[in-house]
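**Q** return atomic coordinates for the entry below.
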Amino acid sequence: MILAFGILAIAGMQVVSIKGNSFSKNLTQASLIAQERVEFLKSLDFIKETDTGGRLNTGDYNDIHRGIFQGRYRTEKNNEYVTIQYTVSWLERDVTHSVSLSTIRSR
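**A** Just a heads-up that it's a prediction; the model follows:
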């Protein structure tokens, strides 16, 4: 009887462990996507008007859709620097999670 209770407790811990590993995997993937996209956006030239020829506007934009992940970025410019905030979000078990990275690029 004691052995049966012990085995049931271990089985319950195993389910919690599997769910935690799944979330950790998604969090790591979202972080890598955000880092990759921030580095890409930092390499672009920034202009005030339209987004043409590898140039980036000030504003809030949808960016990518990779599997369960959606990327979105926001840029703001002033005379000396540009701030970039990139957010990757995903839906897991009916809960939306997100990872955000921010950086500043001088002109």
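
**Q** residue 66: neighbouring residues, count only.
**A** Residue neighbour count, defined by other CB atoms under 10 Å, stands at 12 for residue 66. Glycine gets a C-beta too; all of them are placed from N, C-alpha and C.

**Q** and the helices in this structure, which stretches?
**A** Per DSSP state H, the chain carries helices over the ranges 2-42.

**Q** quick check, central residue of it?
**A** For the chain, the residue whose C-alpha lies nearest the mean C-alpha position (CA atoms, centre = their mean) is residue 88; its distance is 2.6 Å.

**Q** please name the bridge partners of it.
**A** Residue 88 has the following beta-bridge partners by DSSP bridges: residue 71, residue 99.

**Q** so for it, what's the pLDDT?
**A** The predicted structure scores residue 88 at 97 on the pLDDT scale.

**Q** now residue 75: how far from residue 105?
**A** To residue 105, residue 75 is 9 Å away according to CB to CB, to the nearest Å.

**Q** actually residue 1, sorry about that
**A** For residue 1, the distance to residue 105 under the criterion CB to CB works out to 65 Å.

**Q** more neighbours: which of those two?
**A** residue 105 (17 against 5).

**Q** my read is that the more buried one contacts residue 42, right?
**A** Yes - the criterion here is CB atoms under 8 Å, and residue 105 meets it with residue 42 at 5.2 Å.

**Q** now the common contact residues for these two.
**A** When contacts are counted by CB atoms under 8 Å, 6 or more residues apart in numbering, residue 105 and residue 42 are jointly contacted by residue 84.

**Q** in the protein, what helix or strand scores lowest on average pLDDT?
**A** Here the helix or strand of the chain ranked lowest by mean pLDDT, DSSP states H and E is strand 55-56, holding a mean of 61.

**Q** need the pLDDT of residue 54.
**A** Model confidence at residue 54, expressed as pLDDT, equals 56.
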